[in-house]
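Q: Give me a model of this one.
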Amino acid sequence: MINTDKIKNQFNSDAQAYDSKRRIFIPCFDDYYINSTKFISTVINEPKNILDLGAGTGLLTSFWYNEYPNANFVLDDISVEMLNMAKSRLNNESNFKYVTDDYTKSLPNSSFDTVISALSIHHLDDEEKQSLFNRIYDVMLDGGAFVNYDVFNADSNEMTEYYNKFWENSVLNSELSKKEIEHWKNGRKIDKECSVTEEVVMLKKAGFKDVQCIFSNLKFAVILAKKFGKTSSLDYKPYQ
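A: Predicted coordinates:
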């Protein structure tokens, strides 16, 4: 089971330096965050209420805000320090709300037409992932979408080892200090990645019918899952 205290301590200590090294840790940064989000904006009509799970410093929300400036965003994270960084990034404007919470136990009491997450859900084991996907589906309006930007294993153990070694060598040969690399390695110890194929099965089991991997580059992938139906504005309940 997930050790939420360990994860909270890890990310509280990461908060100040988290963004500055993102492009080193994510070699495909632009395609992963920016271009994938731009593509999704051609698939999803104007969402009203977007929930960002494990929102951290608000990096993913900032890219979604560029595409959907009229949407309301709820940023949910276990780390107060991370959310403080998000408030600074997003200028604490009125269409951003912040929730310090453990999303493995509960989700904000609201209705959402879109739920997003980046580099967070891989900390959960498969049972916890399935439980979370079930709850995301339940809080989502018909016609809504869930988008997960995350790190994944390959479909075979052998190829997963190649993925991991390639990623590790990329980090080891970067400009990062030994201390930063050790910190990254310690963070990797709490990761519980599944494969894209396995996550697609989980999402379909939760009820999502249209599930697609829209971007994949070795460890990094983006999965889009849509909930069939037509969203009614009468069902919309904004987060208070």
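
Q: same for the longest helix seen in the chain, what does it pack against?
A: When secondary structure is assigned using DSSP state H, the longest helix within the chain turns out to be helix 157-172. Counting contacts by 3 or more Cβ pairs under 8 Å, 6 or more residues apart in numbering; DSSP states H and E, helix 157-172 packs against helix 178-188. Quick note: C-beta positions are derived from backbone N, CA and C, even for glycine.

Q: just checking, K97 is part of a strand?
A: Yes - judged by DSSP: H, G, I helix; E, B strand; the rest coil, K97 forms part of a strand.

Q: If we ignore the residues flanking it in sequence, what's nearest it?
A: Excluding its sequence neighbours, the residue lying closest to K97 (Cβ to Cβ, 6 or more residues apart in numbering) is V74, at 4.8 Å.

Q: hang on, that neighbour in a helix?
A: No - counting by three-state DSSP, V74 is not part of a helix but strand.

Q: which residues does it bridge with?
A: Beta bridges link V74 to L51, K97, judged by DSSP bridges.

Q: Please work out the average pLDDT along the longest strand along the chain.
A: Taking DSSP state E as the criterion, the chain has its longest strand at strand 140-151. Averaging pLDDT along strand 140-151 gives 96.

Q: and it, C-alpha only, in CSV?
A: Once non-C-alpha atoms are left out, strand 140-151 reads as follows in CSV (Å, rounded to 0.1, in the frame of the first residue of the first chain):
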residue,chain,number,x,y,z
MET,A,140,-17.0,12.8,-13.8
LEU,A,141,-19.9,14.2,-15.8
ASP,A,142,-21.1,12.2,-18.8
GLY,A,143,-19.0,13.3,-21.8
GLY,A,144,-16.1,14.1,-19.6
ALA,A,145,-12.4,13.1,-20.0
PHE,A,146,-9.6,11.8,-17.8
VAL,A,147,-6.0,12.5,-19.0
ASN,A,148,-3.0,10.9,-17.3
TYR,A,149,0.6,12.0,-18.1
ASP,A,150,2.8,9.5,-16.4
VAL,A,151,5.8,7.1,-16.5
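
Q: Partner strands of that strand and their direction?
A: Its sheet considered, strand 140-151 pairs with strand 112-118 (parallel), strand 220-226 (antiparallel) by DSSP bridges.

Q: Now do the strands in the protein.
A: For the chain, the strands defined by DSSP E occupy 49-53, 72-77, 96-100, 112-118, 140-151, 210-217, 220-226.

Q: Out of the ones you listed, which gets nearest to D191?
A: With Cβ to Cβ as the measure, strand 140-151 is the member of the strands of the chain nearest D191 (7.1 Å).
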